[in-house]
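Chemist: below are the sequence and a predicted model; questions follow.
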Amino acid sequence: MRKRAAVLCGVAVVVAGTFTAVPADASAPRTAKTAQAETAQAAKPTWKKCGTTDYPTLQCASLKVPLNHAKPDGKQITLALSRVPHTATKYQGPLLVNPGGPGGSGLTLAGFVASSLPKAVAAQYDVIGFDPRGVGASKPALDCEPGYFDPVRPDSVPSTPAIEKANLSRAKSFAAACGKKYASVLPYIDTISAVRDMDSIRAALGAKKINYFGYSYGTYLGAVYAKLYPDRVRRLVLDSIVDPTGVWYDDNLGQDYAFNDRHRALMAWIAKYDATYKLGTDPEKIEAKWYAMRAALAKKPAGGKVGASELEDTFMPGGYYNGYWPYLAEAFAAYVNDKNADPLVETYENFAAVDASGDNGYSIYTAVQCRDVSWPRDWNQWRKDNWAVYEKAPFMAWNNAWYNAPCAFWPTEARKPVNIANGKLPPVLLFQATNDAATPYEGGVTVHRLLAGSSLVVEDGGGNHGITLSGNTCLDTYLSAYLTDGTVPRGHGEADAVCEKLPDPKPLSTAKSASPSARGSALHGMLGFRG
């Protein structure tokens, strides 16, 4: 950890010069009187029962907010909200939760968080979920190009000019479709606008301050909220932390190395269980078999659905959550050993196939990331950078590049990145796994340094993305203590507290459940991928 932190410090110095101050309209001083006036003017949500089998006490509502917060009397859009109300006499206010993305729906997450926390803790909060602007049940919900991920896509690795041209054409068409379909909306789909929506939710709930709990991209959303409204933050929990110094181009390049490491961790896990999978005991040779499978699928997609790009999509979730490893290993083994592609097709359909909600999520993902900050507009820069990554970390390099490529051609002007450095907050609690691929470890260390007085709890050796409320009692004990009375660990050095990682899963044939934790599986189903 120390070596990684030392490298990180050098990077931070270089990137710091690219920051700008918070936009002027965002940082305008607000007096207590102003805050009270805003709260009084906000229409309070009308909550209705919308419980499910898993979360019977869930309630739903909607809230009108300005499309452009600089023109509060202009066009309005609708945010979908959810709530599990407090039941205890002691009430600690609203706890807003967000699963990441950008583009993730947070409505069900409220039920999950409320049911996963200790009852005595959850009972003290109104746990509030929300679909950010443009997402899910919020209106309008964006869908730039339905079916954009329908199989079979071109091979992600642009090994020939024709393949590169095909992928570029797709990226350009998606950006153009978004611009044509949502010209009046895209300039207002970004992190700062979503943060203003969060403050509108706070005002509508009649709260002077909010508590916030975010995963993945939700950590950046929370950090930006804290920067714009530090006096309105009561408690702040960030789990699996985005590096704010790399949003978003550099962060995506950094992911590629980390995902390659996690893919190799999967290969090593398969080697450990050669008796089950019969793919060998040498992780490097198993990895070679995986790439041979990829090459074969590039020529002949399995079931007419799983080509090379779809194979990468199918195995990418294993980088987010090791509970998927047994399923991926079985599909891999069936294809290689038995020449049976059916399990691979089934696994693709379960883990990677994109439905309408996925189309919506991707539309918001691109809209937010492409608008938040400037991306290189010269494709030669992308080509150079991604081939350089591919040489060292081939697993996801080009797949990730094409996922983000519409940003090279995005029709809206970019904002400036927000410097989230903050010395005005109450104690903040951070959680980070050392081997997280989607938000690599350095992000947690960076935010710990930028948020004065924050505490960092590290899951040593953990590689899952989203680590609290996933079955790790050590992590959850720190979370519960903080939400109970604001207690945070105070240590020395890089981390304030360290927890051991959960055991890796067992093969399906030797365990009743593939995943280390049923809660972990439920959580990762909500967090989704690319978050």
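Modeler: It's in. None of these values were measured; they are calculated from a predicted model. Numbering: from 1, shown residues only.

Chemist: going forward, measure contacts and count neighbours with C-alpha atoms only.
Modeler: Noted.

Chemist: give me the contacts around stretch 499-512.
Modeler: With contact meaning CA atoms under 8 Å, 6 or more residues apart in numbering, stretch 499-512 is reached by 273, 276, 322-323, 325-327, 457-462, 471-472, 474-475, 514-516.

Chemist: show me just the buried residues among these.
Modeler: Neighbour counting with 16 or more other CA atoms under 10 Å marks 273, 276, 322-323, 325-327, 457-460, 462, 471-472, 474-475, 514-516 as buried within those.

Chemist: and K90, how many neighbours?
Modeler: Residues near K90, counting by other CA atoms under 10 Å, number 12.

Chemist: surely P66 meets D73?
Modeler: Yes. Counting by CA atoms under 8 Å, D73 is a contact partner of P66 at 7.1 Å.

Chemist: how about the longest helix seen in the chain: buried residues?
Modeler: Longest helix of the chain, by residue count under DSSP state H: helix 249-272. Residues 249, 251-272 are the ones in helix 249-272 that count as buried (16+ other CA under 10 Å).

Chemist: contacts for the following helix or strand past it next, please.
Modeler: Of the helices and strands lying after helix 249-272 in sequence (DSSP states H and E), the nearest is helix 274-277. With CA under 8 Å, 6+ apart as the test, helix 274-277 has contacts from 270, 280-281, 329-330, 333, 507, 509.

Chemist: look up how far P102 lies from R133.
Modeler: Plainly put, R133 is 10 Å away from P102 if you go by CA to CA, to the nearest Å.

Chemist: can you pull the contacts of the closest residue to K49 other than its chain neighbours?
Modeler: In this structure, K49 finds its nearest non-sequential neighbour in Q59, 4.5 Å apart by CA to CA, 6 or more residues apart in numbering. If a contact means CA under 8 Å, 6+ apart, then Q59 has 47-51, 82-84 as its contacts.

Chemist: in the sheet, who's paired with Q59?
Modeler: K49, R83 (DSSP bridges).

Chemist: pLDDT score assigned to it?
Modeler: On pLDDT, Q59 comes in at 98.

Chemist: ok, the one 3 residues further on next?
Modeler: S62 carries a pLDDT score of 98 in this model.

Chemist: tell me if I'm right that E310 and E349 touch.
Modeler: No. Judged on CA under 8 Å, E310 makes no contact with E349 at a distance of 9.9 Å.

Chemist: please identify which of the two sits among more neighbours.
Modeler: E310 (30 against 16).

Chemist: so which elements touch the helix or strand hosting the more buried one?
Modeler: Taking DSSP H and E as the criterion, E310 maps to helix 308-315. Judged by 3 or more CA pairs under 8 Å, 6 or more residues apart in numbering; DSSP states H and E, the packing partners of helix 308-315 are helix 283-299, helix 342-351.

Chemist: got the phi and psi for S62?
Modeler: The phi/psi pair for S62 (degrees, to the nearest 10) reads phi -140, psi 160.

Chemist: try S138
Modeler: Dihedral angles phi and psi of S138 (degrees, to the nearest 10) take the values phi -70, psi 150.

Chemist: how about it, what does it touch?
Modeler: 77-80, 131-132.

Chemist: try it again with 10 Å
Modeler: Taking CA atoms under 10 Å, 6 or more residues apart in numbering, we find S138 in contact with 62-64, 77-81, 105, 130-132.

Chemist: so which of the residues you listed are in helices?
Modeler: Applying DSSP H to these, no entry is found in helices.

Chemist: was I right about V368 contacting L186?
Modeler: Yes. Under the criterion of CA atoms under 10 Å, V368 makes contact with L186 at 8.5 Å.

Chemist: quick one: which of the two has more around it?
Modeler: V368 (25 against 22).

Chemist: so which helix or strand takes in that one?
Modeler: Per DSSP H and E: helix 356-372 holds V368.
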